[in-house]
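# Provide a 3D model corresponding to the input given below.
(chains A and B)
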Amino acid sequence: MSGRGMDGMTERPGEQGRLAHNIVHFGRVLRAAGLPVGPGKVIDATRAVETAGIASREDFYWTLHSVFVNRRDQRELFDQAFHVFWRNPRILERMMSLLLPTARTDGDAEYDPPSRRLLDALFPGRGEGENDEEFGEIVGDAAGTYSRREILQSMDFESMSADEIAEAKAIISRMRLPIMRAPTRRFAPDPRGPRIDMRATLRSALRSGGDTIPLRRSARRRRHPPLVALCDISGSMSRYSRMLLHFLHAVTNDRDRVFTFVFGTRLTNITRYLRHRDVDVALEKVAENVEDWSGGTRIGHCVKTFNVHWSRRVLGQGALVLLISDGLDRDSGEGLEAGIERLHKSCRRLIWLNPLLRYEGFEPKSLGVRAILPHVDEFRTVHNLRSLRDVAQALGRGMPRAEEGHMGRFAGERAAR
Amino acid sequence: MAKPRPLPDSIDDTESLLRDGDYLADRSLATTLFLGLKMGRPLFLEGEAGVGKTEIANVLSATTGRRLVRLQCYEGLDVSSAVYEWNYAAQMIEIRMAEATGAGDRERLGNDVFSERFLIKRPLLRALEPDAAGAPVLLIDELDRADEPFEAYLLEVLADFQITIPEIGTISAPEPPVVIITSNRTREIHDALKRRCLYHWVDYPDTRRELDILRLKAPGAEERLSREVVGFVQELRRTDLFKLPGIAETIDWATALTELDKLSLDPETVNDTLGALLKYQDDIARIQGSEAARLLDTVNAELAAADAAG
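This is a model prediction of the structure:
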């Protein structure tokens, strides 16, 4: 530790041990709040603090920040945890089991209400109805706002009939997506490959004594491109989205590079929840974390959000995009066409799955449908298990990269059906 | 450039080191960089394009007088272009020569052909070589463009700073290089790699710092113009554009306006030169015209208020 004095935390002999102790506890709070903090990180943090010294509060903050935070979205949580843990003794005192005698203060400063995740981490046993005026009120208020803004409905997967669950699950969990394989820039040994692998050739030449040089060949490795699913969970889609989430879960667990988003009035990334092996746990987590089940749809708004915040992160290597929606838009297609056009131009293939297509007389009359249709490469129905299987097969067919406008093909496909 | 400086021994020192290289870092970045240097950890810098991530490595190399080894990542980057490659043509000739002279001792020939003489060194291997000026600065640029297999390989290299070449053996660095990894976040880098690094999100600067940067990087621009440019860009970053302008764009724009002999901004000039700032047609179409005029009014009002107060 540097010899300089610290403001906010005075330096006395024996202090270092207690500081290390506090860092350990701080690490535990962060872990409980959902940051991936292991013992290694805590050791690093202690080392970092020893290296940098605690000349000022700001340096101390950034020192811990550089070790504990490794994603942009963790910054806010860290910020709150830091200020609560290292500043306000009143909260520390309430940390029952985590309570330490070394809480320090440099004044009773103002602070923003801590996030729910952090509160849960700091007060693990905290009940909902506990007499905790300050925080109780804030949490209650936040929940109230949500429910006013949209139909807050906790999705109940229990309501699926037992037969339906058993049947659909069994079939869906066996579904595999043979996504087309696209050539990559990597090479693998292949006796009939087009390229000569000089390195392997020379090695085998030496092995055989150098009299002859047997050529070793290689060919491009092929790999499926990333798959991105955007699934509509609005009221008009609720009968299908439940089934489709099972499908998406099966797909997500079958392969890497699958990203799943759901949208109603807002866009939510549910990829992480679907990674859970057990489909029930996964869907339960999805239901907990998505707040706009069975409400209205704002497709244009959600597609735009996706374009701005996610497209550059997940559409990187020529992704396939599945847009699952009935195209019925509350905003009557506002901003939708531009959004879909941009989406189409940033991916390899845009496939629209629309359950309404099963009706014979389906005509693209709604504004939403008309806005989407000119910009999709393929247009399919998903209303039962068989159509789902057809989708899986369609994804397996190799096809050139997207080109603008394929209305002719829809017409042909629809006629054939 | 002044004579090379040793590695900094405090956060303040780090700040002044970067400042000597004309890089204005905020305290958080200086702290992370200092820790990275001190603890021998790679620095993982993430942020939007054009906020000065790559520049840090350049400045660090220039001010400390260390060699800069740069590895630009791309999809399909493999060992033969990132680490080492054998010079096959020369090896072939060697084999033919051995045959011609009849010195066909297989074992010796093998050792000869796979000796350092025939080795072509690529950036990662070069970064492990000792250097009189101190361990080099290794810049691994835009790691998000490389694919996962390369990331996994990198993990191995960054763990021990050694590389194994089957034909020769293990080569390890006498002194680990200073590693700086940048990413534009076009995909998430695996947590295993991030765990070994110190992470920093490089953000857009605030008005004051951006103005300081502009004074340093575009010294030809009039003071009035610089303030308007920074104010305008800061306003732009508050709108929801597809791609917000970075610091690089601010500097470009100020330089462009200086070349046009502008002393201050007017709506027409903004419309004509918007291409230096925004790189998507949708964004330009949105800002051009009335929106640009509105932003400009806001900026001028703010500047006038600041002048009155100051």
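
# Give me the distance between the nearest residue to B:Pro4 once chain neighbours are set aside and B:Ala133.
Excluding its sequence neighbours, the residue lying closest to B:Pro4 (C-beta to C-beta, 6 or more residues apart in numbering or on different chains) is B:Gly65, at 2.6 Å. For the C-beta atoms, the positions are set from N, CA and C on the backbone; glycine is no exception. Computed as C-beta to C-beta, to the nearest Å, the B:Gly65 to B:Ala133 distance reads 5 Å.

# can you list residues touching both of the two?
B:Pro4 (C-beta atoms under 8 Å, 6 or more residues apart in numbering or on different chains).

# Dihedrals phi and psi, the residue nearest to B:Pro4?
phi 70, psi 20 (degrees, to the nearest 10).

# Please list all residues in contact with it.
Per C-beta under 8 Å, 6+ apart, neighbours of B:Gly65: B:3-5, B:133-134.

# ranking the residues you listed by neighbours, who comes first?
B:Gly134 (17 neighbours; other C-beta atoms under 10 Å in any protein chain shown).

# Give the helix, strand or coil label for that one.
Recorded secondary structure, B:Gly134: coil (DSSP: H, G, I helix; E, B strand; the rest coil).

# Help me confirm that it comes into contact with B:Glu175.
Yes: using C-beta atoms under 8 Å, B:Gly134 is in contact with B:Glu175, at 7.2 Å.

# Residue of the stretch 151-300 of chain A closest to chain B, please.
Per C-beta to the nearest C-beta, A:Arg185 is where the stretch 151-300 of chain A lies closest to chain B, at 2.4 Å.

# okay but that residue is in contact with B:Cys73, surely?
No: shown here, A:Arg185 and B:Cys73 do not form a contact pair, counting by C-beta under 8 Å, at 12.0 Å.

# Those two: who's more crowded?
Neighbour count, other C-beta under 10 Å: between A:Arg185 and B:Cys73, B:Cys73 has more, with 21 against 12.

# Torsion angles phi and psi at that one?
phi -90, psi 150.

# could you pull out the strands for the chain?
By default, I'm working from chain A. A:182-189, A:195-196, A:217-223, A:227-232, A:258-263, A:267-269, A:320-324, A:349-353, A:378-380 (DSSP state E).

# wrong one, I was asking about chain B
So, for chain B - with DSSP E - the strands run B:43-47, B:68-72, B:84-86, B:119-121, B:137-141, B:162-165, B:169-172, B:178-183, B:198-202.

# Count the neighbours of the closest residue in space to A:Arg181 that isn't next to it in sequence for me.
Distances taken as C-beta to C-beta, 6+ apart put A:Arg222 closest to A:Arg181, at 3.9 Å, once the chain neighbours are dropped. Neighbours of A:Arg222 under the rule other C-beta under 10 Å: 13.

# Count the residues that sit near A:Arg389.
There are 13 residues near A:Arg389, going by other C-beta under 10 Å.

# what's the distance between it and chain B?
From A:Arg389 over to chain B the distance is 30 Å, taken as C-beta to the nearest C-beta, to the nearest Å.

# Okay, domains of the chain per the record?
Reading this off chain A. Per automatic domain parsing, the domain ranges recorded for chain A read A:15-100+A:112-149, A:187-223, A:227-416.

# Not quite, go with chain B.
Looking at automatic domain parsing, the domains of chain B come to B:11-75+B:123-202, B:84-116, B:207-299.

# looking at those domains, which is buried most?
Most buried of the domains of chain B by mean neighbour count (mean count of other C-beta atoms under 10 Å in any protein chain shown) is domain B:11-75+B:123-202; its value is a mean of 19.

# distance between it and the chain's centre?
9 Å (C-alpha atoms, centre = their mean, to the nearest Å).

# Report pLDDT for residue 71.
In the absence of a named chain, this looks at chain A. Turning to A:Arg71, the model gives it a pLDDT of 81.

# right idea, wrong chain: chain B
95.

# Nearest to chain B within the stretch 251-400 of chain A, name that residue for me.
For the stretch 251-400 of chain A, C-beta to the nearest C-beta, closest residue to chain B: A:Gly316, 4.8 Å.
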